[in-house]
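Mind folding the following:
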Amino acid sequence: MLKENLQKFFKEIENGNNLGEKITLVGATKFVDIERVNQAIDLGLTHIGENRAQEFRDKFSLYHPCVKHFIGTLQENKLKYVVGKADIIDSVSSIDLAQAIGKKAEQLGIVQKVMLEINAGEEENKTGASLKQAKTLYKSIIEQNSLELVGVMAMLPISDDQEVLATACKNVRDFYDQIKFDTQTLKYLSIGMSGDYKIAIQNGSNMIRIGSSLFGKRS
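Below you'll find the model as predicted:
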């Protein structure tokens, strides 16, 4: 089933997004056992994303070669499990967190690749900066020599209204295009999960994060 699911997604994204950009598939591996993750990597999945710092720590040395994203909420007391180990930390949602990651990366003598996280629907129960806050967060990231900004990640609001979802995507894409003009390292706009990835790639997303639709039900 995993092979069929992967092939389905590879087929769906092979023509790129509405702007002709290549789409990167990130397998969201929360609660997915390492054997299954590695099976997906062996079948051609090149990017994986973990949600929980301890789970990432426990699986870290066991992954087959791939690009490892940390996509979950990161608490400052868990930085040691993720900074310098994750290839990209996608969920930088506040200035305080950006500075804490930058400080930890500096201590390790590395440059940590990060993505800025936007709460596209400005929902209270979700993390991420609002679009108004995003410019300030962006500046706080690029001012740090120990951080390299490679993308923007967003979660769409929960809505059945396709117009609401499309507008949210376009707003984040507009912000991404504005900062891309100034930032040579920016290449990923990660919007879209199992329930809304189709509308995301129709409106500018070039990276999607797929969990249950790829791996099946979580253990």
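
Only C-alpha atoms from now on, for both contacts and neighbour counts.
Fine.

what's the nearest residue to the residue nearest the centre of the chain if we skip its chain neighbours?
By C-alpha atoms, centre = their mean, the chain has its centre lying nearest to residue 90, at 4.3 Å. Spatial nearest neighbour of residue 90, excluding adjacent residues (C-alpha to C-alpha, 6 or more residues apart in numbering): residue 115 at 4.3 Å.

Please look at that neighbour and residue 154 and confirm they touch.
No - counting by C-alpha atoms under 8 Å, residue 115 does not reach residue 154; the two are 9.8 Å apart.

Which of those two has more residues huddled nearby?
Between residue 115 and residue 154, residue 115 has the larger neighbour count (other C-alpha atoms under 10 Å), namely 30 against 27.

can you map out the strands along this protein?
Under the criterion DSSP state E, strands of the chain are mapped to 24-28, 47-50, 67-70, 88-92, 112-119, 147-155, 188-191, 207-210.

what comes into contact with the third one?
If I follow you right, that is strand 67-70. By C-alpha atoms under 8 Å, 6 or more residues apart in numbering, the surrounding residues in contact with strand 67-70 are 46-53, 56, 82, 86-91.

Which one of the residues you listed is nearest to residue 185?
residue 88 (12.6 Å; C-alpha to C-alpha).

wait, isn't the closest one in contact with residue 116?
No - using C-alpha under 8 Å, residue 88 makes no contact with residue 116, being 10.7 Å away.

The two: which has the busier surroundings?
For residue 88 versus residue 116, neighbours defined as other C-alpha under 10 Å are more numerous around residue 116 (26 against 23).

who touches that one in this structure?
By C-alpha under 8 Å, 6+ apart, the contact set of residue 116 is 90, 91, 92, 93, 134, 137, 138, 149, 151, 152, 153.

Also residue 16?
22, 23, 201, 206.

Phi and psi next, for it.
phi 80, psi -170 (degrees, to the nearest 10).

and the gap between it and residue 84?
Distance of residue 16 to residue 84, given as C-alpha to C-alpha, to the nearest Å: 30 Å.

ok, now residue 208?
Noted for residue 208: a distance of 23 Å to residue 84, by C-alpha to C-alpha.

again, but for residue 153
The spacing between residue 153 and residue 84, counted by C-alpha to C-alpha, is 20 Å.

Can you give me the neighbour number for residue 110?
Residues within reach of residue 110, counting by other C-alpha under 10 Å, total 15.

Use 47 as the first number from now on
Understood, numbering begins at 47; the last thing we discussed is residue 156.

which residues touch it?
Residues in contact with residue 156 (C-alpha under 8 Å, 6+ apart) are 130, 192.

give me every residue that touches residue 105.
Neighbouring residues of residue 105 by C-alpha under 8 Å, 6+ apart: residue 80.

hang on, residue 257 packs against residue 71?
No - assessed by C-alpha under 8 Å, residue 257 is found out of contact with residue 71, at 10.4 Å.

For residue 121, state which of the contacts of strand 113-116 is nearest.
When these are compared against residue 121 (criterion: C-alpha to C-alpha), the nearest one is residue 99, at 8.6 Å.

Thought residue 120 was touching the closest one, still the case?
Yes - with contact defined as C-alpha under 8 Å, residue 99 counts as touching residue 120 (7.1 Å).
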